[in-house]
Structure formats: C-alpha cells, structure tokens
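S.K.: next one to model:
(chains A and B)
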Amino acid sequence: NAGVMQNPRHLVRRRGQEARLRCSPMKGHSHVYWYRQLPEEGLKFMVYLQKENIIDESGMPKERFSAEFPKEGPSILRIQQVVRGDSAAYFCASSPRGGPNNEQFFGPGTRLTVL
Amino acid sequence: AQSVTQLDSQVPVFEEAPVELRCNYSSSVSVYLFWYVQYPNQGLQLLLKYLSGSTLVKGINGFEAEFNKSQTSFHLRKPSVHISDTAEYFCAVSGDGNEKLTFGTGTRLTIIP
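M.R.: The predicted structure follows:
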C-alpha cells in the first residue's frame, strides 16, 4: 500500500507566480489535511478537506491560498502571487476516517522556495 | 484553544545513554496526544500515540511516553539511544472538537558518538 504522495518534492517560483502543490492520499483515505512548516518551526495546520468538501480552513491565510479535494484526483493546495514569506515545507496528511483520535499519515512534503 | 510546549529546542545525548524529551500541553477537554519523528528532508512518522487507557504508551524504535493528566505532560523517553535516533521530534495534540493536530516547535535530538 503506497503511502501519501506529494509532488513536486521541490518547487521554485519567482515572486508573483502561482504555486500548485499536489497530494494523493493513501488508498482508501478520504480525509486530507495540509500543514505548513516554516524554517525552524513546527507544523501549523492550514486546512482539512474531505472529498469535495472543505471541513475546516481556519489555518488558511485569507488571501492568495486555496485548497480543493475533488471527487477524482489529488488534493491541490494553490498559492497565487507567491511572496518570499510563502517559502516553507508544505505537508499533506491523510486518514481513513475523521475524528481527532485517528492517526494522520504524512507525505514527504513539498519544499517551496520563492525567489 | 489547544497548545503544545516543547521547552527543549535541542538535546544532545551520548550514544547508549537514556533520553527524555519533554512535552506539555494545554487543553480544556479530552485530548489525544502524539509523538512524531522527522528525519532530515523527510515527512513525519508516527512514533506513538495516547488515545485512552494505560498512561504508559509504547511505540516504535524503543520509544515510550507517559501521559500525566495532572501535570498535563506527555514526555518521550528511550532508555538507550542510537546514532540512528538523530532527528527532530514533534509532540502534537488533537481533540477538543478539533480534527487538526496542534504541534509543538520540535526538539532536535543529536546523538554524540
């Protein structure tokens, strides 16, 4: 059973460009979470999605950031008009069920560098 | 609101010595507690979790942790560390009606040969 897949693993963008990060959850998992890790910091929750629904986006910046998890295909985290402060590692996690007591399985992350 | 405090940002330990990584949390209701390990340039791997029941939890790679409700702590321990344990360790909490994990800032464990 393949783990959580994220691509690309490394992404370089210039200021003002768009960044698209993809996450394929583990087989059978319909719950996806996105976290951001700034340099020398812990992970911060961004958004929680179930298939076709955003359940909790309390950690998402109000502007430029959006996320989706369509019925078919991977979950996408989209950052428009990137700025240097968006440089970070973005991790996706998935779980088979909702609920705070369910283990979240993490992908290897996408490291975004904004020049 | 939940929060997690990992007071030690870096912990150097000699090989084969014991180690304890500290974690304290705050939450107004029931919590679930987790320890994750992150090796360089990799994602997070679950070491162990406390959901309910016995307060002493055993995980992978010889690690264990003890849930102490009165002290709101969930410290991670290993009796004898190896070079391969060099990594960043994150304590996390969920619950209180939240699906999301709230992480501490991490502790970098360095093993000295």
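S.K.: the bottom helix or strand of chain B by mean pLDDT?
M.R.: The weakest-scoring helix or strand in chain B, judged by mean pLDDT, DSSP states H and E, is strand B:98-103 (a mean of 86).
S.K.: hmm, that strand touching chain A?
M.R.: Yes: shown here: strand B:98-103 in contact with chain A (Cβ under 8 Å from any Cβ of the partner chain) through B:98-103. All C-beta atoms are positioned from the backbone trio N, CA, C, and that covers glycine.
S.K.: where exactly do the strands run in chain A?
M.R.: Assigned strands in chain A, in chain order: A:5-7, A:10-13, A:19-24, A:31-37, A:43-50, A:53-56, A:65-68, A:75-79, A:88-95, A:105-106, A:110-114 (criterion: DSSP state E).
S.K.: dump the third one to CSV, restricted to CA.
M.R.: The reference is to strand A:19-24. Taking Å, rounded to 0.1, in the frame of the first residue of the first chain, the C-alpha atoms of strand A:19-24 are listed here in CSV:
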residue,chain,number,x,y,z
ALA,A,19,2.4,27.5,-7.0
ARG,A,20,0.3,24.3,-7.2
LEU,A,21,1.1,21.5,-4.7
ARG,A,22,-0.5,18.1,-5.1
CYS,A,23,-1.3,15.4,-2.6
SER,A,24,-2.5,11.9,-3.3
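S.K.: specify the beta-bridge partners of A:T110.
M.R.: Assessed by DSSP bridges, A:T110 has beta-bridge partners A:Y90.
S.K.: wait, doesn't it sit right on A:Y90?
M.R.: Yes: A:T110 lies in contact with A:Y90 (Cβ atoms under 8 Å); the separation is 4.9 Å.
S.K.: quick one: common contacting residues for these two?
M.R.: Residues touching both A:T110 and A:Y90 (Cβ atoms under 8 Å, 6 or more residues apart in numbering or on different chains) are A:6, A:21.
S.K.: before we move on, the earlier item: if you rank the residues of strand B:98-103 next to chain A by neighbours, which is first?
M.R.: With neighbours set by other Cβ atoms under 10 Å in any protein chain shown, the maximum within the residues of strand B:98-103 next to chain A is found at B:L101, which has 26 neighbours.
S.K.: who's the residue nearest to that one when sequence neighbours are not counted bridged to?
M.R.: Nearest non-adjacent residue to B:L101, counting by Cβ to Cβ, 6 or more residues apart in numbering or on different chains: B:A92, 4.4 Å away. On the basis of DSSP bridges, B:A92 is bridged to B:F34, B:F103.
S.K.: need the contact list for the residue lying closest to B:K69 once chain neighbours are set aside.
M.R.: The shortest distance from B:K69 to any non-neighbouring residue, by Cβ to Cβ, 6+ apart, is to B:T55 (7.8 Å). Contact partners of B:T55, counting by Cβ under 8 Å, 6+ apart, are B:66-69.
S.K.: now the two most distant members of the residues of strand B:98-103 next to chain A.
M.R.: Greatest spacing in the residues of strand B:98-103 next to chain A, by Cβ to Cβ: B:E99 and B:F103 (14.1 Å).
S.K.: and chain A, which of its residues are near chain B?
M.R.: Residues of chain A found near chain B (Cβ under 8 Å from any Cβ) are A:4, A:31, A:33, A:35, A:41-45, A:48, A:55-56, A:58-59, A:91, A:93, A:98-101, A:103-109, A:111.
S.K.: what is the nearest of the contacts of B:T55 to A:S24?
M.R.: Among the contacts of B:T55, and counting by Cβ to Cβ, the member closest to A:S24 is B:F67, at 33.6 Å.
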